[in-house]
Structures are given as C-alpha cells and as structure tokens.
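> build me a model:
(chains A and B)
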Number of protein chains: 2
Amino acid sequence: MGLIVQKFGGSSVANAERVMNVAKIVTDTYKQGNDVVVVVSAQGDTTDDLIAKAKEISDNPSKREMDMLLASGEQISIALLSMAIQKLGCPSVSLLGWQAGFQTNSVYSSARIKKINSARIKTELDNKKIVVVAGFQGINKYDDLTTLGRGGSDTSAVAIASALHADKCQIFTDVDGVYTADPRKVKNAKKLKEITYDEMLELATLGAQVLNNRSVEMAKKYNVELEVISSLNPIPGTIVKETANMEKMLVRGVTKDTDTSRISIVGLTDVPGVAFKIFSVLAAKNINVDIILQSVGRDGTKDIAFTVSTGNAQEAAEAVENLPFIGDAKVVRDDTVAKISVVGAGMETHPGTASTMFEALFNQDINIQMISTSEIKISVLIDKKDADRAVSAVHEAFFGNE
Amino acid sequence: MGLIVQKFGGSSVANAERVMNVAKIVTDTYKQGNDVVVVVSAQGDTTDDLIAKAKEISDNPSKREMDMLLASGEQISIALLSMAIQKLGCPSVSLLGWQAGFQTNSVYSSARIKKINSARIKTELDNKKIVVVAGFQGINKYDDLTTLGRGGSDTSAVAIASALHADKCQIFTDVDGVYTADPRKVKNAKKLKEITYDEMLELATLGAQVLNNRSVEMAKKYNVELEVISSLNPIPGTIVKETANMEKMLVRGVTKDTDTSRISIVGLTDVPGVAFKIFSVLAAKNINVDIILQSVGRDGTKDIAFTVSTGNAQEAAEAVENLPFIGDAKVVRDDTVAKISVVGAGMETHPGTASTMFEALFNQDINIQMISTSEIKISVLIDKKDADRAVSAVHEAFFGNE
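Numbers count the residues shown, from 1 in each chain, chains lettered A, B, ... in the order given. This next block holds a predicted model:
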C-alpha cells in the first residue's frame, strides 16, 4: 500500500488491446490498495504521423505550433486509457499536462519542467481516482502548451513521483529490465535486480536505450526509486536507486554503440592551443565529442583523434578542415568503428577490470583503436564488423558462459 | 477594414492542400487590412475516427473522457492552419477553446457556452496576429474540457463574433450560399443574396443542412451578421441578418426532409386529455414531434397522427401502444413519407402562397397527407417516392423555369 507512479510508453498503448492490457496492470495495482498515478505517451506512431502532417504544410514549422500539434497525441491516449480503466470498474480521471500542474519554461519542443503544482492530482487521489496524466507536455507562463522533447514522458513520470513523494516510479517498457548486455545479441545476458543511477546513466548514454537520460538524472537528483519493468510481462524488473546491492559484480553491463565515427587529424604542427581551437569550433556547432585521443607525432607534429555520432561526422570533419591552422595536416573520417563499453560502480576499486576486458578482445584478435575510461566505465573503439563478437567475448569474460 | 470572424468546417481543412487553401483565404482577408479570427473544426473524418477508437475500448465511454478525446481533433487542425498561415508570411497564433476563453457549463458532449473571456484573443489581435481558434470546445468550472456537440464550431464562431463585436461572421462551407432549393436536385435553384435569421432557422430545421441551428439562434439573439460562403470558391455567398432585402420574393426556399415517419392512432375513444397524455409521454422520452393532425372519427372516436424523425419512430410507436387508454385503437407507423416545405417571411401577408403550392402538387397528381403552417412556412407530408418531383414542381411554381 502506497503511492505508485506508473509510466507507459507509446508502444504499450499502441492499440485498443494494449490499452486494455495497461488498464489491467493499473487496476491490479489500484486493487492492491495503492494510490496510482499513470503517465502515458502518445499511441504508437502518433507523434511521427503528426510530424509528417506538419511537414506537408511547412519545412520549418514554428516550434510553438509544433508543440500545440504534438500535445494532441497524449490527449488521445490518456482519454482512451481512462475509458479502459473505467471499463474495468475502477474510477479514473485523465489530466492534460497543464491540468496536472506541469509548469515549464518556454523553450518549445524541449521545455524543462520548472514546477509541478500537484493540487489537482492530490484532490483526485483523495477522491480515490486513478489519475491518468499526459506525459511529455506542460504549459509555460504565457498559458501556451510546451513539450519536453523525446523521452519526455519518462521525465514527466519521475517529476510527478518526486512532487508527490511517491513510493516508487515504475517505467513500463517492452523489455523486462536492464541486462548485462543486449539479450537479443548475447545469449547469456543476465537481468540485473538493481543498479545505481550513475551506472544507469552510463548504460543509457552507451546505447542501452531503456530509460531516457534526463529522467535518470532527475531521479538521482530527487532520489526517486525507479523500476524498469515489462508491460507485456510485469514480473519484477530492475530497480534503479542510489546504492545498489553489488552481488559481487564488478561490472553491470556490456554495451555497444555503432552510431559513432572517428575523425583523425594527422600531422598537426605542435603549438599550444590547437586542441582548444578544434573543440571550441565543434562546441559552437553543438556537436558532442565523445572519446578524445592526442598523441605526439614526429618532427614537431602531433595527431588528434576524436569520436562523434555518425550523424555529425560530416559537419565535424568539414569544420575541422576549414580551421586556418590545419595546414598540411590530414583530416580522415572513419565510419567503420564501434564503441564497446563495460559499466560498473565496482570497477574503480578493482584495477583488473580493464585488463580482463582487453585480454578478452586480444583473445578474439580484435584490435583496440582508442580507449577511454571514467570511474565507472571503460570504453574502447574497435572495427564495427567485430562489434557483436567483442560484446559476447567481453560479456563472457565478466559473466561466464554457463 | 474591420474585424472578421471566419469559420471553416472539417472538410475545408481535410488535408494539407485544403489547409493551404484556407490559409490563402485567411491571409487575403488579413492583407486587406482586417483583423481576422479563424475558427476551425477537426480535419475531415478525425472526429469519427476518434469515436471509433473509443468504441473499441468501451461501448459506453464516460462523456468527460469522450470530450477529452474529441477535443484533440481541433487541436491538430488549428496547429496545422497556423503553420500554413505562417508559411504564407503572416503572423498567427493558434488557441485552444480554453485559451480563447470559452467557458461552458458542465454538460459534457453538448455543453453550452456561458461566457467568453476574450482578453487573450484581443491581446493577440492587438499584436497583429491572425488568431486561429479551436471550435467546438471549451472549459468548465472544474478546468475540464467540454465539447459543444455536433455543429458546435458554427456556434463557437458566432459566439466569438458576438463577444468581439465583429463586423461579420463568415461561415465557409462546401456550398456557396443558401439556395431556393437543393441545387443538386432542382436545376433552377437560385442562390439567395440575403435571408432573415427566422427564414434560415426554418430552412435549417427543414433539412437545408447549411448552418447549425443553435448558431443561427445565437446570431439572431446577438444580431451577428452571418455570411454563408464557399471555401473552394469564395465569391459572395448568402448574408443572414435580421431584415433581408425581399427582392419581391414571397418564398425563400423549397426544402425536402425524408428523415420523417408518420405514426397514426386510429379509433381513439374521444375523451378529454388524450392528446395531452400522448404527447407528454413522447416529451418524457425526449422525442421531438413535428406535424400533428387530429381529426374527428366516427362513433365517438377520433384519430391522431403525428410525425417524428425516422430514428425515433419505433420508440414513439411503442410508447404510444403501451399507453393504458389506447384500448382497441390501432397504432400504424409509416416510414414512406417525406415533408416538403416552402419558407419565406413574405408569405404571411400573401394568402396565395399555400394555394400556389397545393396547385403545383395537384398538377403533378401528388397526394397531400398532412399540412402544417407557421407564419413563415408551409409544410406538407407526401409519399416519399414523389419527393424530388414535388420539390421541382413547387420550386417551378414560385421561381419559374427560365
């Protein structure tokens, strides 16, 4: 018995049958004596369909009008889910972002939540209603609709859980938890019972695609306990919290990111400020740089290499080529790379982690092109064609092959 | 130069091309120096599609949630139209019903407008914006969304025109005005330049299907000048106002209504109160009765016949049959009838109107089953199979055959 926030993504409410399935989960939780707030995304492809409608009208629609358009998506799903809950005999009420008290700043299409005025939600909960809230949306000081950007419904759920001091925030998705590796690719991938916010953040960034990063950051900041759980098979999933039970595991997961490209600048004249100038021009273009490697070359030159997401690679390479001091240095772009990472809060006190990983790759004859480490992760850049084999080998080295 | 309210129905904004067409009309009006408020319905079949989605979930969804669901339809169309207006280079802003200040009562699915707080619209107009408003919807005192029922967007447009003291309220539709008869059926049907509110009300009730009745009643009450005009061919349409230029016409139009059934009760014992009891039981069931005819029968009995819409005929016949005093009287239902009407404010001072109509029908050998008259209309009930021929003959009698 407590207050539980449950969030369901677009695929979980994609059609009438799935909406009824969600209603079943929600009403079961309610019938166990809990107060329940449900946060829902737009159905299935609704958001993409609405974007396509806008593109038919204008290549560059105003962001305010885009938010007005897109916010209709969750309006449909909350109404349908509330009907489904009532069909199952439980009282419910649907609330739009503004009705639920989501006040945001005015950055249309990627607004930040400033405050939640939860009075209406609390009143409805006091009346024993299941409260169905539109995720992803809010209202700014001009009384105009805003949206929180992709993955915003996760953030909505965590924000409500924090505002209401909920006992738990369950993020329902199409996987049943966080795994030590992609279970579709690695046959011995294990589901984690618990994981820390920081580990989850590293895994999310590295391509685990289970939880939106902003929502994990917010959960960490406000200490909201998250559970990643399957809407199709709601057995206990993975708990994300401040201190996770380590279960003697050094490493929490092995991930692969193939949306990465390497830009190498070979033969730069070795004068001060070169690196600063390169990365400030990339920052000015809003291009995120991931791994950076600088090495001393020969004859007073040096080489700098870095990785960016493949979508930014062309723009990054051109920006670097156009720098005045590049001179005779060669700029080489390579899209045939992948980043393999191991993540785990335990590794900082266990220096053997890196060598275990490198040995596993060496045994597979996989060449490491770049290395990057943080307190809780080690990433290596390798040839893209070796990526799946590398994940399996590294996973086996840490988790065995039983 | 003035303030013009323009209303576009669902078919006028059904796809991107039509939205652009509407944006062209709106921006042309704006560029002529007018302040423009545009009221829009949901796109094409959106409302029907949303109703179908709800029916997949529940046979009997709550009306509050239905309104939440349906209100998303106009949200999509206002955003798209605002984008299209901006694409054509004019400033615009879309507003939902509640943002535009539509305050309604709490009768979900057929709410009545209580008040319009037009401050936001006025601010946007002062900023030289074209204001695109979601028709059909408002908000009640609980901050919940409501809808005005079918045809509600016409009412929204008239209400805004009244609140803003607009110079004109243009209702764009797929016909280019109000005709003396259905122009698809009667080849000499003439477009009317002007018509009074009362005549329009009679024509709307009688099946002209151009304007929603509630909107005409409201326009009459607040003296809002309406224009019915085509969105595909925006030449001057028909003006609806208090006093119309008569142009020597006695009759404004000839209409046909085939959605009518006759219930006859033959051989009622002739005691006082019989008619009262019959029609009060129908009123209790919310069944509208149109023409009523009572005749004295033989042997102390009388006959009563009345018409209702065909959808109500079964329920009406059963209600009457179950009355305790019906006794041996026979209740007969007939769906093979049609009502033909002529409407015109001039006819009350021209007694020849009825005889002209009846003569035209007699010349066609069409039998009149019932007759009903008011100050501005004459209706007759005839066999349904004669309906189109009757309209043509009556139209020719009043408007000639040039």
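> from residue B:78, how far off is the residue of chain A most remote from its centre?
For chain A, the residue at maximal distance from the C-alpha centroid (Cα atoms, centre = their mean) is residue A:299, at 44.2 Å. From residue A:299 over to residue B:78 the distance is 66 Å, taken as Cβ to Cβ, to the nearest Å. The way it works is simple: take the backbone N, C-alpha and C, and place the C-beta from them, glycine included.
> residue A:223 too?
41 Å.
> comparing the two, which residue is more hemmed in?
For residue A:223 versus residue B:78, neighbours defined as other Cβ atoms under 10 Å in any protein chain shown are more numerous around residue B:78 (33 against 10).
> which strand or helix spans the more buried one?
Assigned by DSSP states H and E, residue B:78 belongs to helix B:63-87.
> for chain A, name the helix or strand with the lowest mean pLDDT.
strand A:292-296 (a mean of 80; mean pLDDT, DSSP states H and E).
> now do that one: which elements does it pack against?
helix A:274-284, strand A:301-308, strand A:370-373 (3 or more Cβ pairs under 8 Å, 6 or more residues apart in numbering or on different chains; DSSP states H and E).
> quick one: buried residues of the helix holding residue B:78?
Within helix B:63-87, the residues that count as buried by 16 or more other Cβ atoms under 10 Å in any protein chain shown are B:63-87.
> that helix vs helix A:63-87, what angle?
170 degrees (axes from the mean of the first three to the mean of the last three Cα atoms, to 10 degrees).
> report pLDDT for residue A:209.
On pLDDT, residue A:209 comes in at 69.
> which parts of the stretch 51-200 of chain A sit against chain B?
A:53-54, A:56-58, A:61-62, A:64-66, A:68-69, A:71-73, A:75-76, A:78-80, A:82-84, A:86-87, A:93-94, A:96, A:99, A:120, A:143-145 (Cβ under 8 Å from any Cβ of the partner chain).
> now do the helices in chain A.
Secondary structure of chain A (DSSP state H): helices located at A:16-31, A:46-57, A:63-87, A:119-126, A:152-163, A:197-203, A:213-222, A:274-284, A:310-321, A:352-363, A:387-399.
> as JSON lines, those helices with mean pLDDT would be great.
Listed next are the helices of chain A as JSON lines, based on pLDDT from 0 to 100:
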{"stretch": "helix A:16-31", "mean pLDDT": "97"}
{"stretch": "helix A:46-57", "mean pLDDT": "95"}
{"stretch": "helix A:63-87", "mean pLDDT": "97"}
{"stretch": "helix A:119-126", "mean pLDDT": "97"}
{"stretch": "helix A:152-163", "mean pLDDT": "95"}
{"stretch": "helix A:197-203", "mean pLDDT": "87"}
{"stretch": "helix A:213-222", "mean pLDDT": "91"}
{"stretch": "helix A:274-284", "mean pLDDT": "85"}
{"stretch": "helix A:310-321", "mean pLDDT": "91"}
{"stretch": "helix A:352-363", "mean pLDDT": "88"}
{"stretch": "helix A:387-399", "mean pLDDT": "92"}
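> now these in JSON lines, with distance to residue A:381?
As requested, the helices of chain A are exported to JSON lines (distance: least, Cβ to Cβ, whole Å):
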{"stretch": "helix A:16-31", "distance to residue A:381": "39"}
{"stretch": "helix A:46-57", "distance to residue A:381": "32"}
{"stretch": "helix A:63-87", "distance to residue A:381": "36"}
{"stretch": "helix A:119-126", "distance to residue A:381": "47"}
{"stretch": "helix A:152-163", "distance to residue A:381": "29"}
{"stretch": "helix A:197-203", "distance to residue A:381": "16"}
{"stretch": "helix A:213-222", "distance to residue A:381": "21"}
{"stretch": "helix A:274-284", "distance to residue A:381": "18"}
{"stretch": "helix A:310-321", "distance to residue A:381": "13"}
{"stretch": "helix A:352-363", "distance to residue A:381": "11"}
{"stretch": "helix A:387-399", "distance to residue A:381": "10"}
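> how about those helices, which one is nearest residue B:14?
Closest approach to residue B:14 among the helices of chain A (Cβ to Cβ): helix A:46-57, 11.7 Å.
> next one: the closest one to chain centre, how far?
The chain centroid and the centroid of helix A:46-57 are separated by 24 Å, computed with Cα atoms, centre = their mean, to the nearest Å.
> now the angle from that helix to helix B:16-31?
Going by the same axes, to 10 degrees, helix A:46-57 makes 60 degrees with helix B:16-31.
> for chain B, see how far away the closest residue to residue A:258 other than its chain neighbours is.
Distances taken as Cβ to Cβ, 6 or more residues apart in numbering or on different chains place residue A:338 nearest to residue A:258, at 4.7 Å, with adjacent residues excluded. Distance check for residue A:338 against chain B: by Cβ to the nearest Cβ, to the nearest Å, it reads 40 Å.
> surely residue A:338 and residue A:260 touch.
Yes. If you go by Cβ atoms under 8 Å, residue A:338 and residue A:260 touch, sitting 6.7 Å apart.
> what residues are shared contacts of the two?
Counting by Cβ atoms under 8 Å, 6 or more residues apart in numbering or on different chains, the contacts common to residue A:338 and residue A:260 are residue A:381.
> dump the residue contacts of whichever residue of the stretch 201-350 of chain A sits closest to chain B.
The nearest approach of the stretch 201-350 of chain A to chain B comes at residue A:231, 16.7 Å away (Cβ to the nearest Cβ). With contacts defined as Cβ under 8 Å, 6+ apart, residue A:231 is in contact with A:8, A:12, A:18, A:21-22, A:25, A:172-174.
> again, only this time at 10 Å
By Cβ atoms under 10 Å, 6 or more residues apart in numbering or on different chains, the contact set of residue A:231 is A:6-9, A:11-13, A:18, A:21-22, A:25, A:170-176.
> do residue A:97 as well
Residue A:97 touches A:71, A:74-75, A:78, A:103-104, A:111, A:113, A:116, A:133-139, A:145-148, A:152, A:156, counting by Cβ under 10 Å, 6+ apart.
> excluding sequence neighbours, find me the nearest residue to it.
Spatial nearest neighbour of residue A:97, excluding adjacent residues (Cβ to Cβ, 6+ apart): residue A:137 at 3.5 Å.
> specify the beta-bridge partners of that neighbour.
residue A:147 (DSSP bridges).
> centroid-nearest residue for chain A?
Most central in chain A (Cα atoms, centre = their mean) works out to residue A:212, at 2.9 Å.
> pLDDT at the nearest residue to that residue once chain neighbours are set aside, what is it?
Using Cβ to Cβ, 6+ apart and skipping residues adjacent in sequence, the residue nearest residue A:212 is residue A:151, 3.0 Å away. Per-residue pLDDT puts residue A:151 at 77.
> what about residue A:148, distance to chain B?
Residue A:148 sits 17 Å away from chain B, going by Cβ to the nearest Cβ.
> sorry, wrong one. I was asking about residue A:370.
As judged by Cβ to the nearest Cβ, residue A:370 and chain B stand 44 Å apart.
> returning to what we had before: who wins for proximity to residue B:126 among the helices of chain A?
Closest to residue B:126 of those, according to Cβ to Cβ: helix A:63-87, at 18.2 Å.
> you'd agree residue A:140 is up against residue A:104?
Yes. Counting by Cβ atoms under 10 Å, residue A:140 touches residue A:104, with 5.6 Å between them.
> the more surrounded of these two?
Looking at residue A:140 and residue A:104 with other Cβ under 10 Å, you find the greater number of neighbours at residue A:104, namely 27 against 19.
> tell me who's in contact with residue A:299.
Per Cβ under 10 Å, 6+ apart, neighbours of residue A:299: A:267, A:269-270.
> now those in TSV, with neighbour count and pLDDT?
Shown next, in TSV, are these (neighbours: other Cβ atoms under 10 Å in any protein chain shown; pLDDT from 0 to 100):
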residue	neighbour count	pLDDT
A:267	16	86
A:269	15	83
A:270	12	78
